[in-house]
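Enquirer: Attaching a predicted model along with its sequence, questions to come.
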Amino acid sequence: MARSIRLVLAIWQEPHDVVIIAVVTLDDRFRYILMLGLLALMGIMVFHRLRARTGEKLDRRQAGLFSLVALRLVALAGMIALVAYFRNPVNLAFSAIPLPDWLRWAGVGVGCMTLCLLFWKLRSLGKNLTDCTFEIMNDGDGSAGLRT
């Protein structure tokens, strides 16, 4: 998917020397914006996870071994795909979808709003942030309780 050249950066090493031109396409711009967004996301998540840390041991196997393994395998596959895309987008050209530029910019705006809402949510949760799952159980007597 070739895009037209929208931005050209020129770098001079010395006066009257050879000019090195780095071409930045629109696809490259979106890739750099995605990188910045993911760095911001990781920064927000790490900060709030560390702030909410209690030191309490959690048994993550209670959620189920299948969920535990499947979640991590899908996350690993997604991270491998992102690294491959960041290094060389041609590696994932088979999965490219030709979208209009206005829709791609709308996606950038939605991503920015999502980061703001995530920050607000995590700040509101404060120390109540946990990766432990709870399920509501009914004991049959009409009272409901929480089980980890």
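Expert: Alright, I've got the coordinates. Residues are numbered from 1 along each chain as shown.
Enquirer: in the longest helix seen in the chain, what's buried?
Expert: For the chain, the longest helix by residue count, based on DSSP state H, is helix 26-52. Under the neighbour-count criterion of 16 or more other CB atoms under 10 Å, helix 26-52 has F30, I33, L34, I44, H48 buried. In short, each C-beta sits where N, CA and C put it, glycine included.
Enquirer: And stretch 89-97, by the same measure?
Expert: Applying 16+ other CB under 10 Å to stretch 89-97 flags P89 as buried.
Enquirer: In a markdown table: the buried residues of helix 26-52, plus pLDDT and distance to M113.
Expert: Output for the buried residues of helix 26-52, formatted as a markdown table (pLDDT from 0 to 100; distance: CB to CB, whole Å):
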| residue | pLDDT | distance to M113 |
| --- | --- | --- |
| F30 | 91 | 17 |
| I33 | 94 | 14 |
| L34 | 93 | 15 |
| I44 | 93 | 14 |
| H48 | 90 | 18 |
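Enquirer: element containing R72?
Expert: R72 is part of helix 65-87, with elements assigned from DSSP states H and E.
Enquirer: helices and strands around the longest helix of the chain, which ones?
Expert: strand 5-12, helix 65-87, helix 101-125 (3 or more CB pairs under 8 Å, 6 or more residues apart in numbering; DSSP states H and E).
Enquirer: returning to that earlier point: any idea which of the buried residues of helix 26-52 is closest to L76?
Expert: Within the buried residues of helix 26-52, distances to L76 taken as CB to CB reach their minimum at L34, with 18.8 Å.
Enquirer: From R53, how far out is the closest one?
Expert: 28 Å (CB to CB, to the nearest Å).
Enquirer: Same question for L71.
Expert: Distance from L71 to R53, by CB to CB: 20 Å.
Enquirer: Which residue would you name as the spatial centre of this structure?
Expert: Against the mean C-alpha coordinate of the chain, by CA atoms, centre = their mean, the closest residue is L38 at 4.4 Å.
Enquirer: Which residue is the nearest non-sequential neighbour of it?
Expert: Distances taken as CB to CB, 6 or more residues apart in numbering put L82 closest to L38, at 7.3 Å, once the chain neighbours are dropped.
Enquirer: so what's the one you found scoring on pLDDT?
Expert: As predicted, L82 sits at a pLDDT of 92.
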